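Visitor: My questions concern the predicted model and sequence given below.
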Amino acid sequence: MRPLTEEETKVVFEKLANYIGRNISFLVNNKEDPHVFRLQKDRVYYVSENVAKFAGSVARQNLMSLGTCLGKFTKTGKFRLHITALEYISQYAKYKLWVKPNGEMPFLYGNNVLKAHIGKMSEDIPEHAGLVIYSMADVPLGFGVSARSTTEARNLQPTAIVAYRQGDIGEYLRDEDTLFT
Amino acid sequence: MPRNKTQAAKKKNPENFRRSVESDVFTDSEARNQLASQPKKTARSKVHKQSHLEVKKEQRSARLYGKKKPLREYTEKELHIPALNKAIVPGVVPKTRGKKGKKFVDDHDSVVLTRLVKQINDKKDLLNESKLEKSQRIEEIRELKKQEIERKEELKKQKLDDKKQQIKSKANTARTIRRRNARELARKAKENADQKLTIQSIKKPNKSVSFA
């Protein structure tokens, strides 16, 4: 377990900025309960500071996980956001999309969001922007990337894709084996 | 190759067979203190104490030729050795001395972290702004085109209506003219009839035709 270098921090922040924009400062400057980023075996964890200090007393091969896993670095150096980060992304999301009840299940099974499933969406979403997908009861279901801007999406067919799915909470069941190893 | 530098000569050189092994037990001062036997602390002097005969010989030669001066040792500066040129290999950059290893970002280094956040978000905002602008422009152009098409349709419709009006009004005027003429004729006929009646009441020749 070690803290991140500047380049690694930059890569992680770039990925997070896709979804939460300038609200990363809330993640970083938490005064009551300061949290820190730690790297253990290619996975980046966001953990409160005193927990991180306790984790320092665990040997490296024995330490499996700590705090919330935001994602992991791939072999090519890119950072991939995991569904376990949804808690923090949904809190500070910039662009949101609400899905009707009939569209929840297809999304949780791993399909993309179609125009027919949209309940409502934020007004000014540009194309290819990261967004968080909620159910109509404001329960975060996952995150994805917009396929078209809001204005374009108004003139789409009902079967057209509006958002590409990048992570959904159904992954907790589908990828149960690989999520925490 | 000089004779003593060949491989065979090097192998044969007895100096290369033997190596001096100096144990730390005797060279390290603390370890030496621990030894049970403490040999003479002062080593034997390497200076050779000359015998009586050798002393006399030296004095004799000194009387003849003068005292032996100690060999002079020159410093490098006095020898004026020229600075030797080294070949410059292009592209080889001498390694900069620096600390090896990863430099971490301190956990509460708000300066670096906020700087990173700002940098990244400014770049993203630029991108997003340009995308929004482009989409807005496209929308505006589309709206204008729609308006133009609507206007053309309006014009066509207007033309059609005008023509219809025209025809209707032509029919109307024709109708009124016809009716007016008919009225006139009727009036005239009536007048004529009235006149005839009055003339007829004055003189009314009874015309009779007889056939033979």
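Guide: Ah, there it is. Numbering: from 1, shown residues only, chains lettered A, B, ... in the order given.

Visitor: Every contact and neighbour count from this point should use C-alpha atoms.
Guide: Will do.

Visitor: Check chain A for the residue nearest chain B and tell me.
Guide: Residue of chain A nearest chain B, by CA to the nearest CA: residue A:5 (4.2 Å).

Visitor: Next one, pLDDT for the closest residue to that residue other than its chain neighbours please.
Guide: Spatial nearest neighbour of residue A:5, excluding adjacent residues (CA to CA, 6 or more residues apart in numbering or on different chains): residue B:104 at 4.2 Å. Looking at residue B:104, its pLDDT stands at 89.

Visitor: Equivalent analysis for residue A:31, please.
Guide: pLDDT for residue A:31: 89.

Visitor: before we move on, what about residue B:79?
Guide: 82.

Visitor: can you count the residues close to it?
Guide: Neighbour count for residue B:79, taken as other CA atoms under 10 Å in any protein chain shown: 8.

Visitor: again, but for residue B:16
Guide: Counted with other CA under 10 Å, residue B:16 comes out at 9.

Visitor: distance of the residue lying closest to it once chain neighbours are set aside from chain A?
Guide: In this structure, residue B:16 finds its nearest non-sequential neighbour in residue B:10, 7.3 Å apart by CA to CA, 6+ apart. Using CA to the nearest CA, to the nearest Å, residue B:10 is found at 52 Å from chain A.

Visitor: For the chain, give me the ranges with low pLDDT.
Guide: No chain in the question, so chain A it is. Residues of chain A meeting the criterion pLDDT under 70: none.

Visitor: I was after chain B.
Guide: B:39, B:41, B:96-99, B:202-204.

Visitor: if we can go back for a sec, which residues sit in contact with the residue of chain A closest to chain B?
Guide: Applying CA atoms under 8 Å, 6 or more residues apart in numbering or on different chains, we find residue A:5 in contact with B:102, B:103, B:104, B:105.

Visitor: show me where chain A has strands.
Guide: Ranges of strands in chain A, per DSSP state E, are A:35-40, A:43-48, A:68-73, A:79-81, A:96-99, A:113-114, A:118-121, A:130-135, A:140-146, A:161-168.

Visitor: hmm, which of the contacts of residue A:5 are the buried ones?
Guide: The neighbour-count test (16 or more other CA atoms under 10 Å in any protein chain shown) applied to the contacts of residue A:5 identifies residue B:105 as buried.

Visitor: Of the contacts of residue A:5, just say which sits nearest to residue B:191.
Guide: Ranked by distance to residue B:191 (CA to CA), the contacts of residue A:5 are led by residue B:105 at 121.3 Å.

Visitor: and that closest one, how far is that from chain A?
Guide: 5 Å.

Visitor: Need the phi and psi values for that residue.
Guide: Per-residue torsions, residue B:105: phi -90, psi 130 (degrees, to the nearest 10).

Visitor: That one and residue A:7 touch, don't they?
Guide: No - Residue B:105 is beyond contact range of residue A:7, at 9.4 Å (criterion: CA atoms under 8 Å).
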